[in-house]
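Asks: what's the 3D shape of this:
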Amino acid sequence: MTDRTALVVGASRSLGLALAGELAERGFDVVATVRGETPEALAALADRTGRVTVEHLDITDTGQIDALRERLGDRRIDLLFVNAGITDADVPAAQVPTEVFVEVMVTNALSPMRVVEGLAPLVPPTGTIGVMSSRQGSIGFNTRGGHEVYRASKSALNQLMRSYAARTAGDPRTLLLLHPGWVQTELGGPGARLTVAESAHGVAEVLVGHAHDGGLQFLDHTGAVVPW
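Replies: Numbering: from 1, shown residues only. Next up, the predicted model:
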């Protein structure tokens, strides 16, 4: 299949940047968003592939979401993937300042859903809407604690996507929540099992391989089901 377009929200570095590269290599024209200035690595990817264009978006700003929707016009987005997110200090929830709690929840749960709602009209019935979640958002898997507010934000994101799927029941588009694995990122640390490239490859495989499943699934980078 040719002439496919992917929109990767949050592609300035790490997993988002690597995923934009993976999708470009698979023949997608990629729209990659960044919050600030375009990083050199993303600019280099755009030059090298000829398939990547850069847009600017702060997902916590609803005006910017609306503006991006206007700039995209009637462009068909076969794959919308929201990767943007933040973490916080690994301390018990009661010790987290209120403003930090709000920032993490707004950035990781509310804002991705605003992006989904705002840009979904560009995704055709055969398209896919994906959001980067985490195994840490799984209530069933939480036997060790840690990163409590980050975990809660991903659990909230999962619940909001479940609500979105229920509210749009009958919509043939595929909805995916993805766990990227334990990755050598700021959150995962240098001792994590997966490199960024390995994780991005797996995430791309799942996004492409499950493109026409329909419904909502919570999967990891290997395609395995993650318990809610």
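
Asks: and the strand or helix carrying Leu219, what does it pack onto?
Replies: Element membership of Leu219, judged by DSSP states H and E, is strand 215-220. On a contact count with 3 or more CB pairs under 8 Å, 6 or more residues apart in numbering; DSSP states H and E, strand 215-220 meets helix 148-167, strand 174-179, helix 196-209. From N, CA and C alone the C-beta is placed, and that goes for glycine too.

Asks: the longest one vs strand 174-179, what angle?
Replies: Using axes from the mean of the first three to the mean of the last three CA atoms, to 10 degrees, the interaxial angle of helix 148-167 with respect to strand 174-179 works out to 170 degrees.

Asks: what mean pLDDT does helix 148-167 have?
Replies: For helix 148-167, the mean pLDDT works out to 97.

Asks: and that helix, how far out from the chain middle?
Replies: Taking the mean of its C-alpha atoms, helix 148-167 sits 13 Å from the chain's own mean (CA atoms, centre = their mean, to the nearest Å).

Asks: okay, now the unreliable bits of the chain?
Replies: Applying pLDDT under 70 to the chain flags the ranges 1-2.

Asks: how about the helices in it?
Replies: 14-25, 40-49, 62-72, 98-105, 111-119, 148-167, 196-209 (DSSP state H).

Asks: residues contacting the closest residue to Asn142 other than its chain neighbours?
Replies: Leaving aside its chain neighbours, Asn142 sits nearest to Arg151 (6.5 Å; criterion: CB to CB, 6 or more residues apart in numbering). If you count contacts by CB atoms under 8 Å, 6 or more residues apart in numbering, Arg151 has them with 134, 136-137, 142.

Asks: picking up where we left off before, so which bits of the strand holding Leu219 are buried?
Replies: 216-220 (16 or more other CB atoms under 10 Å).

Asks: those residues: which two are farthest apart?
Replies: Leu216 and Asp220 (15.0 Å; CB to CB).

Asks: ok, back up a step: how about the strand holding Leu219 as CSV, C-alpha atoms only?
Replies: Backbone C-alpha positions of strand 215-220 (Å, rounded to 0.1, in the frame of the first residue of the first chain) are rendered in CSV as follows:
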residue,chain,number,x,y,z
GLY,A,215,-11.9,-1.8,18.1
LEU,A,216,-9.6,-1.0,21.0
GLN,A,217,-6.6,-3.0,22.2
PHE,A,218,-3.9,-2.5,24.8
LEU,A,219,-0.8,-4.2,23.4
ASP,A,220,3.0,-4.2,23.9
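
Asks: next, the distance between the ends of stretch 99-115.
Replies: 22 Å (CA to CA, to the nearest Å).

Asks: so for that stretch, what gets flagged as buried?
Replies: 101, 103-105, 107-115.

Asks: now swap in stretch 174-184 and tell me
Replies: Within stretch 174-184, the residues that count as buried by 16+ other CB under 10 Å are 174-184.
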